[in-house]
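Asker: Sequence and predicted model, in that order:
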Number of protein chains: 2
Amino acid sequence: MAIVSSPPSVTDVCRAAKHAARELAQADTERKDAALRAIAAALRARGEEIVQANEADVRAGREAGLSEALLDRLALDEERIEGIARAVEQIVALGDPVGEVIEGRKLPNGLDVRKVRAPLGVVAVVYEARPNVTIDAAALCVKSGNAIVLRGSSSAAHSNAVLAAIAAEAVVSEGLPEGCIGTIGSPTHPGAREELAELATLEGVVDLVIPRGGEGLKAALGAVATVPVMYAASGNCHVYVDAGADLQMAERIVLNAKTQRPGVCNAAETLLVHEAVADVFLPQIVSALAAAGVELRGDTYIHARASAHVREASDEDWETEYLAMTLAIKVVESVGEAIEHIARYGSGHSEAIVTRDTEAARAFQSAVDAACVYVNASTRFTDGGEFGMGAEIGNSTQKLHARGPIGLRELCTFKYLIEGDGHVRG
Amino acid sequence: MAIVSSPPSVTDVCRAAKHAARELAQADTERKDAALRAIAAALRARGEEIVQANEADVRAGREAGLSEALLDRLALDEERIEGIARAVEQIVALGDPVGEVIEGRKLPNGLDVRKVRAPLGVVAVVYEARPNVTIDAAALCVKSGNAIVLRGSSSAAHSNAVLAAIAAEAVVSEGLPEGCIGTIGSPTHPGAREELAELATLEGVVDLVIPRGGEGLKAALGAVATVPVMYAASGNCHVYVDAGADLQMAERIVLNAKTQRPGVCNAAETLLVHEAVADVFLPQIVSALAAAGVELRGDTYIHARASAHVREASDEDWETEYLAMTLAIKVVESVGEAIEHIARYGSGHSEAIVTRDTEAARAFQSAVDAACVYVNASTRFTDGGEFGMGAEIGNSTQKLHARGPIGLRELCTFKYLIEGDGHVRG
């Protein structure tokens, strides 16, 4: 008779991670990098096992009627596994954030004060669908000295279980502590909403929860969380073509921001055009976008002039993150009106101005309150990799702690190290 | 017949602050500093008015049976007002955090990326008793380009109303927008708990709430807040005297950390002593502390040897932030046991080791997870002013965003400014 033991509780997994985190925080770069290399090697060596587990998920997903797009996001083959392993090796190549001196000074009284980066402790990542997140997130946490607790989607439960087990065994084989890669939920216990609430209220144990998924997941977490949560962003991004724009450049940037990968958060959703260039630029950009297959929603002015290509926009269009080949267009009277529109409808992610006018560029960068504000470049560059920060675990539109790409440094806190020679306060 | 108009609602005040914040974020250093100087001048010019309002609060407090200590915290005279005005002038002398480049690089593709400090927007400060916080907090927010919403205690309502009005009028006189210093509650409407809930759920309007007060206030906020909250710390701080300590230095540091100002969060609450030096150091420190008037609670070892001066400690003593002339003492076997004790009982504020042994110092600084970790110095230095950061609005024991002193930089977020020349993503 087989004995089926129930999996450890959420609290047990998180407490084990907390215990491991204290040792992991002390691990030097060499040991952490060796652990990451061991993960990459194990992924390659155990590809067949991963593919088999993944097939069970894909089969179940097909039976449950998942769309082909979702099934494609879910599916793993040898090539995709190789891609995941390479991504781990790229994290090896990044600098270790732990111990970096952010600033330091010798005080007039002779005390040395250094502000030094340190791991947060236990980071929980709650994610949907794509199983590669299991490894990406684990590798970023190992490198930044954090224990991780993974809580994936039930639709990828078999794949995630194998991937997490491979990563956990690999890091232990290199001398990192048991428990530094923990999982909640398993193929037989995929995990319920109550587990999410348990996770999000473990104050003093879980140092940060990062949800990677839809608005439903974020709302569910927000309603119960008492531990810190860092929300990955939605992006209602704008490109503003100023009176002083180079219109050829503007066309390239608008096309890139909208069409290069429309389903991601840094793609443009609304185009704002200064009225001084509207009569020249609109026919040009409307026909270029239409030729690229973009559906357009314009304000009254634009709709009246290009009704063949442009549907009339409603107020809702200014608020919508289409994540699709659709773009709203509006004519504005000034850079000030563009800034106002973005303040009202933007989500604080990525905003761009195209202009040769330094005064307009300066006003836009100063007044627009967003994680990333571009002059003469596409919004699509908002990405840890593009910014030279390495891999990221998401993009934040919060203002506290991390704003923009959440990379290795953003997975850290800091502490002040103060050294004296018997200093006392007078 | 006098017409009594009800004060604007919490939401109205915060929305006005949000509107003002957008203009204030653009104000240059010169204009903000002129506004601060105008506040200092107005405080001096209107001292009599402030003292009169304050007398009404003190009278009401005395009738309500406030303790002499609380009445003293509440009371203002010309000298204290001069001190508040000088503190504002000290903030003028600090560097403007807005626009500081935190890091920057030119990417291989030629894009310029700069990470630049920017105001948070609207900061709400909820505070108890001391009316000087009204001006300190307002001045820090003006300098960091943030609008502030003040919500003081009803026991200081008259003083706070006059101080806030003086500050608000002064900044407007120097051209800063109306609404950038807002107040909730007034002598006739001192403000209820429902107002706190309204304030703490204004997502998208209030960017940060900072409670300055007791655990009751923090718990009340934590239970309802959906906007970010930065909690000022409680401090259960330790001094660990290592086997390798200079014992004369250790005595100086322990005395300073405990007795120089016992009522504050960076004062020491527990002394840990390595067993190798216990027989020599304990008689020395116990008699020095007793002579200084400190009540001692020792573990069994210490109690057995010095029962005349030392009461036996219970488990509760290790958890207690006395904020008084009381100190718990425990003997430990190693630096490792000291680290374990601090991990279990510390509040992550300020921890100190006294040692001449570099290996012990390094282990302690690396393993202790606290905002400030000291070697051979008193915990009493944890303070924005002492650290050369200027005035602070409190001390954070959170790990995200701000840890340790909350000064001008910690009242800021940042944004990435990216400049290209038609760059698109391939």
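Answerer: Received it, and whenever you're ready, just let me know what you need.

Asker: Go ahead and confirm residue A:185 touches residue A:195.
Answerer: Yes. Using C-beta atoms under 8 Å, residue A:185 is in contact with residue A:195, at 7.0 Å. In short, each C-beta sits where N, CA and C put it, glycine included.

Asker: list the residues that contact both of these two?
Answerer: residue A:151 (C-beta atoms under 8 Å, 6 or more residues apart in numbering or on different chains).

Asker: My read is that residue A:212 contacts residue A:232, right?
Answerer: Yes. Residue A:212 is in contact with residue A:232 according to C-beta under 8 Å; the separation is 5.5 Å.

Asker: Touching both of those two, which residues are there?
Answerer: A:393, A:394.

Asker: How about the contacts made by residue A:312?
Answerer: Residue A:312 touches A:297, A:298, A:299, A:300, A:303, counting by C-beta under 8 Å, 6+ apart.

Asker: Max pairwise distance over the residues you listed: which two?
Answerer: A:297 and A:300 (11.6 Å; C-beta to C-beta).

Asker: So those two - more neighbours on which side?
Answerer: The neighbour count for residue A:297 versus residue A:300, taken as other C-beta atoms under 10 Å in any protein chain shown, is higher for residue A:297 (22 against 11).

Asker: residues touching that one, list them.
Answerer: Residue A:297 neighbours (C-beta under 8 Å, 6+ apart): A:310, A:311, A:312, A:313, A:314, A:317, A:326, A:327, A:328, A:329.

Asker: In the sheet, which residues pair with the first one? Tell me.
Answerer: Assessed by DSSP bridges, residue A:310 has beta-bridge partners residue A:296.

Asker: right, and it touches residue A:295 too?
Answerer: No. Using C-beta under 8 Å, residue A:310 is not in contact with residue A:295; the gap is 9.1 Å.

Asker: Who has more neighbours out of the two?
Answerer: More crowded of residue A:310 and residue A:295, by other C-beta under 10 Å: residue A:310, with 23 against 14.

Asker: what residues does the stretch 1-150 of chain A put near chain B?
Answerer: A:22, A:25, A:26, A:105, A:107, A:111, A:113, A:118, A:120, A:121 (C-beta under 8 Å from any C-beta of the partner chain).

Asker: low-scoring pLDDT stretches of chain A, where are they?
Answerer: In the predicted model, chain A carries pLDDT under 70 at residues A:1-6, A:129, A:186-192, A:233.

Asker: Look through it and tell me its longest strand.
Answerer: strand A:412-423 (DSSP state E).

Asker: close to chain B, is that strand?
Answerer: Yes. Using C-beta under 8 Å from any C-beta, strand A:412-423 comes into contact with chain B via A:413, A:414, A:415, A:416, A:417, A:418, A:419, A:420, A:421, A:422, A:423.

Asker: Not counting residues beside it along the chain, what's closest to the last one?
Answerer: It stands for residue A:423. residue B:377 (4.0 Å; C-beta to C-beta, 6 or more residues apart in numbering or on different chains).

Asker: I figured the one you found was touching residue A:417, is that so?
Answerer: No. The pair residue B:377 and residue A:417 does not pass the contact test of C-beta under 8 Å, sitting 10.8 Å apart.

Asker: burial measure for residue A:121, as a count.
Answerer: 22.

Asker: Just the CA trace of stretch A:70-77, in PDB.
Answerer: Extracted in PDB, the C-alpha atoms of stretch A:70-77 (Å, rounded to 0.1, in the frame of the first residue of the first chain):
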ATOM      1  CA  LEU A  70      -2.200  29.500 -24.000                       C
ATOM      2  CA  LEU A  71      -1.200  26.000 -24.900                       C
ATOM      3  CA  ASP A  72       1.800  27.400 -26.800                       C
ATOM      4  CA  ARG A  73       2.800  29.500 -23.800                       C
ATOM      5  CA  LEU A  74       2.700  26.300 -21.700                       C
ATOM      6  CA  ALA A  75       4.500  24.000 -24.000                       C
ATOM      7  CA  LEU A  76       8.200  23.100 -23.500                       C
ATOM      8  CA  ASP A  77      10.500  21.200 -25.900                       C
END
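
Asker: Check the offset of that stretch from the chain's centre.
Answerer: In this view, stretch A:70-77 has its centroid 20 Å away from the chain centroid, taken as C-alpha atoms, centre = their mean, to the nearest Å.

Asker: mind listing what residue A:77 touches?
Answerer: Residue A:77 touches residue A:51, counting by C-beta under 8 Å, 6+ apart.

Asker: and with 6 Å instead?
Answerer: Counting by C-beta atoms under 6 Å, 6 or more residues apart in numbering or on different chains, residue A:77 touches no other residue.

Asker: Which residues of the stretch 301-426 of chain A lie near chain B?
Answerer: For the stretch 301-426 of chain A, the residues in contact with chain B (C-beta under 6 Å from any C-beta of the partner chain) are A:365-366, A:372-378, A:380-381, A:387-388, A:399-401, A:403-404, A:413, A:415-425.

Asker: The stretch 101-250 of chain A: helices as residue ranges?
Answerer: A:132-143, A:157-173, A:193-199, A:215-224, A:247-259 (DSSP state H, counting those that start in this stretch).

Asker: An error on my part: the question was meant for the stretch 251-400 of chain A.
Answerer: Under DSSP H, counting those that start in this stretch, the stretch 251-400 of chain A gives helices at A:275-291, A:300-305, A:315-319, A:335-345, A:358-367.

Asker: List the contacts of the shortest one.
Answerer: Counting by C-beta under 6 Å, 6+ apart, helix A:315-319 makes contact with A:297, A:328, A:345, all of which sit outside it.
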